[in-house]
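K.L.:
predicted coordinates and the sequence they were generated for:
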Amino acid sequence: MSSMTGFYRVLLLALSLQSVQSAAVVTVTAGGAPVAGAEVLIAGTIYRTDDRGTVRVEVSPGSVLFTVSKAGFATVTTTVIVAAGQQQPVEIELEKLPSVEEAVTVSATRTDRGLEDQPMRVEVLDREEIDEKLMMTPGDVVMMLNEMGGMRVQATSPSLGAASVRIQGMRGRYTRFLSDGLPLFGEQVSLGLMQIPPLDLGRVEVIKGVASSLYGAGAMGGVVNLVSRRPGTKPERQLLLNRSSLGATDAGLWYSTPLSEQWGLTLLASANGQQRNDVDKDGWADLPKYARGVVRPRLFWDNHAGETFFATAGGTWENRTGGTMPETVLAATGSPYVEALNTRRSDVGAAFQALSASGIVWSARGSWTSQRQDHEFGDVTERDDHHTGFAELTARRAMARQTLVGGLAIEHDRFEPIDLPRFGYTFTVPGVFVQDDVDVARWLAISASARVDRHSEFGTFVSPRISGLVRRGQWSSRLSYGTGFFAPTPITEETEAAGLSRLTVVGPLKPERGRSASFDITRARGPLSATLTLFHSSVADPVEVERADRFVLTNLREPTTNTGIEALGVWKSEDFSFVANYAYVRSRETVEEGRVDVPLTPRHSVGLDAAWEWERAGRLGVEWFYTGAQRLEGNPYRDESRPYSVFGVLATRRIGRVLFFINGENLTDVKQTRWEPLVRPARGVDGRWTGDAWTPLDGRNINGGVRIGF
């Protein structure tokens, strides 16, 4: 009997110990001082430290994974054994980031990891740099993208000012543009770059190289994600007014307000215009006339417990006119020639995220964009409707040293040319993807992802990608390799500029398949950071537009290759910053003449940018850019361009809530007509009266204005 009594006592004691909840008391410090507001991630739930740098969390006994992050500090992940019924103290020391980049959470890679912890290389343009470029070109994002290392904004239509972004030598159609992770600008973005005002941007995230494993067909060259500014705890208003010496006028309003503790609202309203301007007085407009209006409200909700909601709707209205100046004729015909483009675009998008009790983060997002364009090429009119839809459902789970992401997606792309229906198409592409980020050790992280897409026209595609991050002290290195695909359409840089009426398609066209690899190494020490990147990519069955003696769209037999080096050096202190970058790109294709450089792709480019700031009341920026020689195609005056360099100065002065700015762009007055006429002596086979733009057309330009906060 006594033995049974002893057994029950032991059993009751064990049960009582199990009923006592284990706990961890996490104390976060930096340099011996407590860190308030640090985020502590445990089993999928985020806790924040108090003013003493401490937070108490009830946990299950056993091995517990702690991830601590705070803006400006390197993220720390550690595992602690917590005994049953005990309160385990956990002390974590944070270190300030040696890199010049802020500790931001990157959304473009889906795992929401910190920038420094991403195995995949992501380059981020922060708010400070965006503000600087905003005062140079308040009406579009071209300036800020063109000055990022390894990226080139190439003018595609000298008559209308269209442009595309080439990443590491890849053609612009391979770059996918997103707004807060949503393809609100459609599938093909060329002229759309000139229609995106930057006033509401918080940061820009860029993934270089094949990213089809993350975003499908449109991301064979890379991804540019424009992340909007979020509403703060207090209302904020900004009004920007700008005027340039060449006739550009910009007015923008950004409004932000909290509606409650959980709801917030922002609004962007922008009006932009440009006078038709004949800089070289040859009767042809070097700058087209345009009038544009953009409106975009955004609604945010966050319950501060893992659930968020975001919704946006936008509208863009623009009319552009180029060609001969009023009351002027072409010398070759004795008649005026007008190029015009009217754009009406509307879009809507939303995203929702929820955290389940099991620690799984569920995300759903979707968007729809409708665009109507009316093109005028002299006496030819081309009208088209373009509709794109997107929906995605993902699940993310952090487990010990792993972060798993899986999801389903579907994309719809419908192009309806009203006057040329033979070029119409409708693509529907469902896909499934998975991604696994593993912290193998504190010095090694690996990310592997794969996606399977079922294209309604071209069949099934498998797109894998693997990346690795190695860190040791002040050194870090990333290695990445991936494959992807691109569904060919009649819309290219060349056909957007010339229209489709004269185009012949030698088909059926084959899908383009790409692969890319990159390796980089970074050294960061104090205010100095330096990165060297090697990259290589190839595209099989590349779609090429022939313009020598016929206007034909066809697949080339040999792959197009891009090989190069990027070097980036940054010095950033409290009141001074200096950025130097160099890019060497050898982009090659095989045409009838043999193996040649891809047109409009300079092998050498250099950029230097210095900025001084004093007492947060003023700023002076100086920049210089060099662009090397480029192969030209279909140019009646030369086969290779001249190298050139441009120089600019930006000065700002803050008085109270008013910021005054003046910017001198291309002060050396470089323009293409210094070496050759822009207008061709005879009309090209594609119908255009101009050659390609390989250098600035507008020459020297000075703009100035005010930005008022109230």
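P.N.:
Ah, there it is.

K.L.:
what about the closest residue in space to Trp443 that isn't next to it in sequence, neighbour count?
P.N.:
Excluding the flanking residues, the one nearest Trp443 by CB to CB, 6 or more residues apart in numbering is Arg471, at 5.1 Å. For every residue, glycine as well, the C-beta is placed using N, CA and C. Neighbour count for Arg471, taken as other CB atoms under 10 Å: 18.

K.L.:
which strand or helix spans Arg471?
P.N.:
Element membership of Arg471, judged by DSSP states H and E, is strand 459-472.

K.L.:
same question for Met143.
P.N.:
Short version, using DSSP H and E: Met143 is in helix 142-146.

K.L.:
still on that earlier bit, show me what the strand holding Arg471 is packed against.
P.N.:
Other helices and strands packing on strand 459-472, by 3 or more CB pairs under 8 Å, 6 or more residues apart in numbering; DSSP states H and E, are helix 212-215, strand 444-455, strand 475-486.

K.L.:
for the second one, what is the distance to the chain centroid?
P.N.:
It refers to strand 444-455. 20 Å (CA atoms, centre = their mean, to the nearest Å).

K.L.:
before we move on, back to that, out of the helices and strands packed on strand 459-472, which comes closest to Ala74?
P.N.:
strand 475-486 (11.0 Å; CB to CB).

K.L.:
quick one: strands adjacent to that closest one?
P.N.:
Strand pairing for strand 475-486, using DSSP bridges, gives strand 459-472 (antiparallel), strand 512-525 (antiparallel).

K.L.:
show me what counts as buried in the first one.
P.N.:
Of the residues in strand 459-472, those buried by neighbour count under the rule 16 or more other CB atoms under 10 Å are Phe461, Ser463, Pro464, Arg465, Ile466, Ser467, Gly468, Leu469, Val470, Arg471.

K.L.:
do the last one as well
P.N.:
Across strand 512-525, burial judged by 16+ other CB under 10 Å covers Glu512, Arg513, Gly514, Arg515, Ser516, Ser518, Phe519, Asp520, Thr522, Arg523, Ala524.

K.L.:
contacts only, for the second one.
P.N.:
Pointing back at Arg513 there. Taking CB atoms under 8 Å, 6 or more residues apart in numbering, we find Arg513 in contact with Thr483, Gly484, Phe485, Phe486, Val539, Ala540, Asp541.

K.L.:
what pLDDT does it get?
P.N.:
pLDDT, Arg513: 96.

K.L.:
okay but Val434 is in contact with Ala409, surely?
P.N.:
No - if you go by CB atoms under 8 Å, Val434 and Ala409 don't touch, sitting 11.9 Å apart.

K.L.:
what strand or helix carries Leu553?
P.N.:
Per DSSP H and E: strand 552-555 holds Leu553.

K.L.:
then Val706?
P.N.:
strand 701-709.

K.L.:
partners of that strand in the sheet?
P.N.:
Partners of strand 701-709, by DSSP bridges, with direction: strand 236-244 (antiparallel), strand 658-665 (antiparallel).

K.L.:
the longest strand seen in the chain: how far from the chain's middle?
P.N.:
When the chain is parsed with DSSP state E, its longest strand is strand 380-399. Computed by CA atoms, centre = their mean, the chain-centroid distance of strand 380-399 equals 16 Å.

K.L.:
can you list the strands that it pairs with?
P.N.:
Using DSSP bridges, the strands paired with strand 380-399 are strand 360-377 (antiparallel), strand 402-417 (antiparallel).

K.L.:
tabulate those (a markdown table), appending mean pLDDT.
P.N.:
Output for the strands paired with strand 380-399, formatted as a markdown table (pLDDT from 0 to 100):
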| stretch | mean pLDDT |
| --- | --- |
| strand 360-377 | 95 |
| strand 402-417 | 95 |
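
K.L.:
export these to JSON lines and tack on distance to Glu676?
P.N.:
Output for the strands paired with strand 380-399, formatted as JSON lines (distance: least, CB to CB, whole Å):
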{"stretch": "strand 360-377", "distance to Glu676": "23"}
{"stretch": "strand 402-417", "distance to Glu676": "33"}
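
K.L.:
of all those strands, which one is nearest Phe647?
P.N.:
Across the strands paired with strand 380-399, Phe647 has its closest neighbour in strand 360-377 (35.8 Å, CB to CB).

K.L.:
buried stuff in the closest one?
P.N.:
So, applying 16+ other CB under 10 Å, buried residues of strand 360-377: 361-363, 365-377.

K.L.:
output that strand as PDB, restricted to C-alpha atoms.
P.N.:
Only the C-alpha atoms of strand 360-377 are listed here, as PDB (Å, rounded to 0.1, in the frame of the first residue of the first chain):
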ATOM      1  CA  ILE A 360       2.300  29.500 -40.800                       C
ATOM      2  CA  VAL A 361       2.100  32.900 -42.500                       C
ATOM      3  CA  TRP A 362      -0.600  32.900 -45.200                       C
ATOM      4  CA  SER A 363      -0.500  35.500 -47.900                       C
ATOM      5  CA  ALA A 364      -2.900  36.300 -50.700                       C
ATOM      6  CA  ARG A 365      -2.500  39.000 -53.300                       C
ATOM      7  CA  GLY A 366      -3.900  39.900 -56.700                       C
ATOM      8  CA  SER A 367      -4.200  42.700 -59.300                       C
ATOM      9  CA  TRP A 368      -5.900  43.700 -62.500                       C
ATOM     10  CA  THR A 369      -4.600  46.300 -65.000                       C
ATOM     11  CA  SER A 370      -6.400  47.600 -68.100                       C
ATOM     12  CA  GLN A 371      -4.700  49.900 -70.600                       C
ATOM     13  CA  ARG A 372      -5.900  51.600 -73.800                       C
ATOM     14  CA  GLN A 373      -3.400  53.200 -76.200                       C
ATOM     15  CA  ASP A 374      -4.000  55.100 -79.400                       C
ATOM     16  CA  HIS A 375      -0.800  55.400 -81.500                       C
ATOM     17  CA  GLU A 376      -0.400  57.800 -84.400                       C
ATOM     18  CA  PHE A 377       2.500  57.200 -86.900                       C
END
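
K.L.:
low-confidence stretches in this protein?
P.N.:
Within the chain, the stretches with pLDDT under 70 are 1-21, 97-105, 187-192.

K.L.:
list the contacts of the residue nearest to Trp443.
P.N.:
Taking CB under 8 Å, 6+ apart as the criterion, Arg471 is in contact with Arg442, Trp443, Leu444, Ser477.

K.L.:
which of the residues you listed tops the neighbour count?
P.N.:
Greatest neighbour count in the contacts of Arg471, by other CB under 10 Å, goes to Ser477: 17 neighbours.

K.L.:
that one is in contact with Arg523, isn't it?
P.N.:
No - applying CB under 8 Å, one finds Ser477 not in contact with Arg523, separated by 9.9 Å.

K.L.:
quick one, helices of this structure?
P.N.:
2-19, 127-134, 142-146, 212-215, 493-498 (DSSP state H).

K.L.:
quick one: list the elements packing against the second one.
P.N.:
For helix 127-134, the helices and strands in contact under the criterion 3+ CB pairs under 8 Å, 6+ apart are helix 142-146, strand 201-208.

K.L.:
cool, the fourth one as well?
P.N.:
Contacts of helix 212-215 with other secondary structure elements, assessed using 3+ CB pairs under 8 Å, 6+ apart, are made with strand 425-441, strand 444-455, strand 459-472, strand 475-486.

K.L.:
quick check: which of the ones you listed is buried the most?
P.N.:
Using mean count of other CB atoms under 10 Å, the stretch among the helices and strands packed on helix 212-215 with the largest mean neighbour count is strand 475-486, at a mean of 21.

K.L.:
and the angle for that one with strand 201-208?
P.N.:
Strand 475-486 and strand 201-208 are oriented at 80 degrees to each other (axes from the mean of the first three to the mean of the last three CA atoms, to 10 degrees).

K.L.:
who are the contact partners of the most centrally placed residue in the chain?
P.N.:
When CA atoms, centre = their mean is applied to the chain, the residue found nearest the centroid is Val224 (1.8 Å). Contact analysis of Val224 by CB under 8 Å, 6+ apart lists Leu145, Val165, Thr175, Arg176, Phe177, Leu178, Val204, Glu205, Val206.

K.L.:
can you redo these as TSV with distance to Trp624 and neighbour count?
P.N.:
Listed next are the contacts of Val224 as TSV, based on distance: CB to CB, whole Å; neighbours: other CB atoms under 10 Å:
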residue	distance to Trp624	neighbour count
Leu145	18	25
Val165	21	27
Thr175	26	26
Arg176	31	24
Phe177	28	23
Leu178	31	22
Val204	22	23
Glu205	26	21
Val206	22	22
